[in-house]
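S.K.: how does the following fold in three dimensions:
(chains A and B)
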Number of protein chains: 2
Amino acid sequence: MKGKLYVISGPSGCGKSTVVHAVMAKYPNLRFSVSATTRPIRPGELDGEDYFFVTRERFDEMLRDGELLEHAEYVGNCYGTPERPLQEALDSGLDMLLDIEPQGAMQVRQKRPDAVLVFLAPPSMEALRARLFGRGDTSEELIAKRLEQARWELQQARNYDYIIINDAVENAAREFLAVITAEKCKTADRIRLLKEEH
Amino acid sequence: MKGKLYVISGPSGCGKSTVVHAVMAKYPNLRFSVSATTRPIRPGELDGEDYFFVTRERFDEMLRDGELLEHAEYVGNCYGTPERPLQEALDSGLDMLLDIEPQGAMQVRQKRPDAVLVFLAPPSMEALRARLFGRGDTSEELIAKRLEQARWELQQARNYDYIIINDAVENAAREFLAVITAEKCKTADRIRLLKEEH
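M.R.: Modelled structure (predicted):
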């Protein structure tokens, strides 16, 4: 049985990485896809684990040769999902998770209609503002920018299959796990199993 | 928030009622829809609780007046789902469950595309045969008939949204509960919630 491809998006400060790690702790068959990026490696990061760190020339080559499932550019750096290692992981039965922005998610939607798109939303804009302030390491100006970006991203939520509202990490993780379990029960996948056994 | 309509089907002996009761014990917001039937009331049954017991004339009238969401006839008796009490329960926020045969399920699918159809399958035909024998109250001939009927029903599974294989009651109940949770996260329903809160 091949693995399923999941995409998660959600505005900065919505608690995405906490929820995702809670899900992975309970469901280790779900793995992060490693993105390629042109941004410089940071201390403590590992090439091939945190990212595939590549030059701009190599990135453009991957793009030109159709090696990337999706790609986007942020603040001068390019990010993309190499399709081959992703496909190999799926073929081996692993469920794979892409943590990407809505633009990338829509590229995945077009190329892989069987991908499951999950949008993680904050319980309210007020809660998001409070979380961004709570981090303590950002300026008012940056927070205002992030909130504006968040409003745009929330408008994209309608294009996802599922919306999970992160009112509490354990609830959001429970719902994500339910989505994974329910997706495995979908007829298109299960019918094969049924044919094998009856 | 309105409730959701669920349909469960599965061959005789697949353990459907055990699974459904395990689900309802954990999720009391899910209620059985009460069917109308022309079959005689049995000792211990309650009118309006086990079934709405009606005459053939009354049943035909309900059918003619479009009061039934779906209906079917088995061994000379008519069974059907009165739509008005079902709709009232859904409007009040309850999730409703119809335990019906594939013919009725397909009528529901056509009239209510938002209904969620779940097929409960035995792990194998051998397991089903063993369970039917294990009941001890049925003849070889009746078991053969039920297995033939089960084969036909299993062919209808492809028309359902989800297929749950009842290898163990706790697994099947867990999967059904995951389907209910995931359905609540679907974008069509959640987007309204998101709009109200942002």
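
S.K.: please make it C-alpha for all contacts and neighbour counts, starting now.
M.R.: Noted.

S.K.: so who does A:Ala188 touch?
M.R.: B:Arg158 (C-alpha atoms under 8 Å, 6 or more residues apart in numbering or on different chains).

S.K.: please disregard the earlier target; I meant A:Tyr51.
M.R.: Applying C-alpha under 8 Å, 6+ apart to A:Tyr51 gives the contacts A:34-37.

S.K.: between those, which is nearest B:Thr55?
M.R.: A:Val34 (65.8 Å; C-alpha to C-alpha).

S.K.: from A:Thr55, how far out is the closest one?
M.R.: 16 Å (C-alpha to C-alpha, to the nearest Å).

S.K.: which one of those two is surrounded by more residues?
M.R.: A:Val34 (21 against 15; other C-alpha atoms under 10 Å in any protein chain shown).

S.K.: could you measure from the more buried one over to B:Ala127?
M.R.: In terms of C-alpha to C-alpha, A:Val34 sits 43 Å off from B:Ala127.

S.K.: then A:Leu120?
M.R.: In terms of C-alpha to C-alpha, A:Leu120 sits 41 Å off from B:Ala127.

S.K.: ramachandran angles for the residue nearest to A:Leu98 when sequence neighbours are not counted?
M.R.: Counting by C-alpha to C-alpha, 6 or more residues apart in numbering or on different chains, A:Val7 is the residue found nearest to A:Leu98 once chain neighbours are left out, at 4.7 Å. Main-chain torsions, A:Val7, degrees, to the nearest 10: phi -120, psi 130.

S.K.: in contact with A:Val7, which residues?
M.R.: Contacts for A:Val7 (C-alpha under 8 Å, 6+ apart) come out as A:97-100, A:105, A:115-118.

S.K.: just the ones of these in strands?
M.R.: Among those, DSSP state E puts A:97-99, A:116-118 in strands.

S.K.: hmm, which of the residues you listed is lowest in pLDDT?
M.R.: Of all these, A:Asp99 has the smallest pLDDT value, namely 94.

S.K.: spatially nearest residue to it (excluding sequence neighbours)?
M.R.: A:Asp99 sits nearest to A:Ile8 (C-alpha to C-alpha, 6+ apart), 5.0 Å away.

S.K.: only alpha carbons, please: show the one helix or strand in chain A whose mean pLDDT sits lowest as PDB.
M.R.: Taking mean pLDDT, DSSP states H and E as the measure, chain A has helix A:187-197 as its least confident helix or strand, at a mean of 83. Output of helix A:187-197 as PDB, limited to C-alpha atoms (Å, rounded to 0.1, in the frame of the first residue of the first chain):
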ATOM      1  CA  THR A 187     -13.400   3.800  -0.600                       C
ATOM      2  CA  ALA A 188     -10.900   4.500  -3.400                       C
ATOM      3  CA  ASP A 189      -8.100   3.000  -1.300                       C
ATOM      4  CA  ARG A 190     -10.000   0.400   0.700                       C
ATOM      5  CA  ILE A 191     -11.800  -1.200  -2.200                       C
ATOM      6  CA  ARG A 192      -8.500  -2.800  -3.300                       C
ATOM      7  CA  LEU A 193      -8.000  -4.300   0.100                       C
ATOM      8  CA  LEU A 194     -11.500  -5.600   0.000                       C
ATOM      9  CA  LYS A 195     -10.900  -7.200  -3.400                       C
ATOM     10  CA  GLU A 196      -7.800  -8.900  -2.100                       C
ATOM     11  CA  GLU A 197      -9.500 -10.400   0.900                       C
END
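
S.K.: and the ones in strands among the contacts of A:Val7 as CSV, adding distance to B:Glu45?
M.R.: Formatted as CSV, the ones in strands among the contacts of A:Val7 follow (distance: C-alpha to C-alpha, whole Å):
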residue, distance to B:Glu45
A:Leu97, 51
A:Leu98, 54
A:Asp99, 54
A:Val116, 45
A:Leu117, 47
A:Val118, 46
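
S.K.: tell me the two of those that are most distant?
M.R.: So, the ones in strands among the contacts of A:Val7 by C-alpha to C-alpha: farthest apart are A:Asp99 and A:Val116, at 12.2 Å.

S.K.: please list the residues of chain A that sit near chain B.
M.R.: Chain A has residues A:123-125, A:157-164, A:175-179, A:181-182, A:185-188, A:190-191, A:197-198 near chain B, with proximity defined as C-alpha under 8 Å from any C-alpha of the partner chain.
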